[in-house]
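Enquirer: All I have is the shape, not the residue letters:
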């Protein structure tokens, strides 16, 4: 087994183990549940996520996008059009479209619930009105916060249905993240993306598991969700490996196109998800920026090996 295949298989196994282990932490460690609103763990997760943002930024700028554009330009050189940029944009808009659909359904569901809350109580007494005001402001404030944050970390939803929608959205991300690893033809590139995905996946599966636990979902279903989510990135890696093993003309074109789409998802994850989520907050912005720079530096150091 050559170095490239070793990195891909090693990342596949590591993703399986990491996602499953980290995903099982929130349901079984009470400290995380007690601190789920305001706690030390939340700040630690933010710093880890900032570091992940830096690793994704480095992987995007130093290898993923550049190599995808180069591959597409080589395979589709007979087309007098910037096909690389177009295909990358399609990957970007595909993920954006999926998440907008998720948020549309979420906001529509929440607006219906708030309309029901706004209906006058059956008993028209001052005491009943006061009770209504005391019971629901926190819930409404949570919705206001959600509209300014990303779905991964700030979707304060406690219904099983919304948790399922969140799970499906993140699973689509995971397949394309794995695909980006499996499609790599360069050892250094595969290693960079693998590190970025491992860090990001650990943060995401923890957040997803915490949301599922808070939604009071049945333990069996929580286990099914976590195991299914665990398999998504390895499935993407496997598909990428299969595509790269068959070096026909059609396969190489398909590989270049899929790599461009996967690169577009990386651009989306980096610039519209992780970076805004971590940098657009007031809590220790310089410290978070430092961790972003450290993550990018790690990717820059790995690039020396190329």
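Expert: Thanks, I have it. What you are looking at is a predicted structure, and each value in this text was computed from that prediction instead of being measured.

Enquirer: any idea how far whichever helix or strand residue 193 is part of is from the chain center?
Expert: Under the criterion of DSSP states H and E, residue 193 resides in helix 187-214. Averaging C-alpha positions (CA atoms, centre = their mean, to the nearest Å) puts helix 187-214 7 Å from its chain's average.

Enquirer: Please spell out which residues along the helix or strand that it is followed by are buried.
Expert: Following helix 187-214 in sequence order, the next helix or strand is helix 219-245 (DSSP H and E). Neighbour counts over helix 219-245 (16 or more other CB atoms under 10 Å) mark 222-223, 225-226, 229-241, 243-244 as buried. Every C-beta, even on glycine, is put in place using the N, C-alpha and C of the backbone.

Enquirer: Low-confidence stretches in the stretch 151-300 of the chain?
Expert: For the stretch 151-300 of the chain, the stretches with pLDDT under 70 are 151-166, 168-170, 173, 211, 214-215, 247, 274.

Enquirer: and stretch 262-279, which residues are buried?
Expert: By 16+ other CB under 10 Å, the buried positions in stretch 262-279 come out as 262-270, 273-275, 277-278.

Enquirer: Equivalent analysis for stretch 76-87, please.
Expert: By neighbour count with 16+ other CB under 10 Å, stretch 76-87 contains the buried residues 76, 83, 84, 85, 87.

Enquirer: got TSV for these, with pLDDT, secondary structure and distance to residue 21 too?
Expert: As requested, the buried residues of stretch 76-87 are exported to TSV (pLDDT from 0 to 100; DSSP: H, G, I helix; E, B strand; the rest coil; distance: CB to CB, whole Å):
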residue	pLDDT	secondary structure	distance to residue 21
76	91	coil	42
83	93	helix	41
84	92	helix	38
85	93	helix	39
87	94	helix	36
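
Enquirer: between those residues, which is nearest residue 22?
Expert: When these are compared for distance to residue 22 (CB to CB), residue 87 wins out at 32.7 Å.

Enquirer: how many neighbours does residue 248 have?
Expert: Residue 248: 8 surrounding residues under other CB atoms under 10 Å.

Enquirer: residues contacting residue 59?
Expert: Residue 59 sits next to 192, 193, 195, 196, 266, 299 when contact means CB atoms under 8 Å, 6 or more residues apart in numbering.

Enquirer: In terms of helices and strands, where is the nearest residue to the fourth one once chain neighbours are set aside?
Expert: Just to be clear, that refers to residue 196. Spatial nearest neighbour of residue 196, chain neighbours left out: residue 55 (4.0 Å); criterion: CB to CB, 6 or more residues apart in numbering. According to DSSP H and E, residue 55 maps onto helix 40-59.

Enquirer: next structured bit after that helix?
Expert: helix 65-75.

Enquirer: Buried ones in that following helix, by neighbour count?
Expert: Of the residues in helix 65-75, 65, 67, 68, 69, 71, 72, 75 count as buried by neighbour count, 16+ other CB under 10 Å.

Enquirer: Could you check the angle that helix makes with helix 40-59?
Expert: Angle of helix 65-75 versus helix 40-59, following axes from the mean of the first three to the mean of the last three CA atoms, to 10 degrees, is 40 degrees.

Enquirer: Could you list every helix and strand in contact with helix 65-75?
Expert: Here helix 65-75 touches helix 83-118, helix 249-268, going by 3 or more CB pairs under 8 Å, 6 or more residues apart in numbering; DSSP states H and E.

Enquirer: tally of neighbours for residue 186?
Expert: If we define neighbours as other CB under 10 Å, then residue 186 has 13 of them.

Enquirer: let me redo that: residue 13
Expert: Neighbour count of residue 13, defined by other CB under 10 Å: 11.

Enquirer: In which helix or strand does it reside?
Expert: In this assignment (DSSP H and E), residue 13 forms part of helix 3-23.

Enquirer: Residue 7 is in contact with residue 185, isn't it?
Expert: No. Between residue 7 and residue 185 there is no contact under CB atoms under 8 Å: 11.6 Å.

Enquirer: Quick check: closest non-adjacent residue to residue 27.
Expert: Sequence neighbours aside, residue 213 is the residue nearest to residue 27 in space, at 5.0 Å (criterion: CB to CB, 6+ apart).

Enquirer: Check the separation of the first and last residues in stretch 56-72.
Expert: This stretch, stretch 56-72, spans 21 Å end to end (CA to CA, to the nearest Å).

Enquirer: I'd like the mean pLDDT over it, please.
Expert: Average pLDDT, stretch 56-72: 81.

Enquirer: Kindly report the same for stretch 14-26.
Expert: 88.

Enquirer: Give the buried residues for it.
Expert: Within stretch 14-26, the residues that qualify as buried are 14, 15, 18, 19, 20, 22, 23, 24, 25, 26, counting by 16+ other CB under 10 Å.

Enquirer: For that stretch, give me every contacting residue.
Expert: With CB under 8 Å, 6+ apart as the criterion, stretch 14-26 contacts 32-33, 178, 194, 197-198, 201-202, 205-206, 208-210, 212-213, 226-227, 229-231, 233-234, 237.
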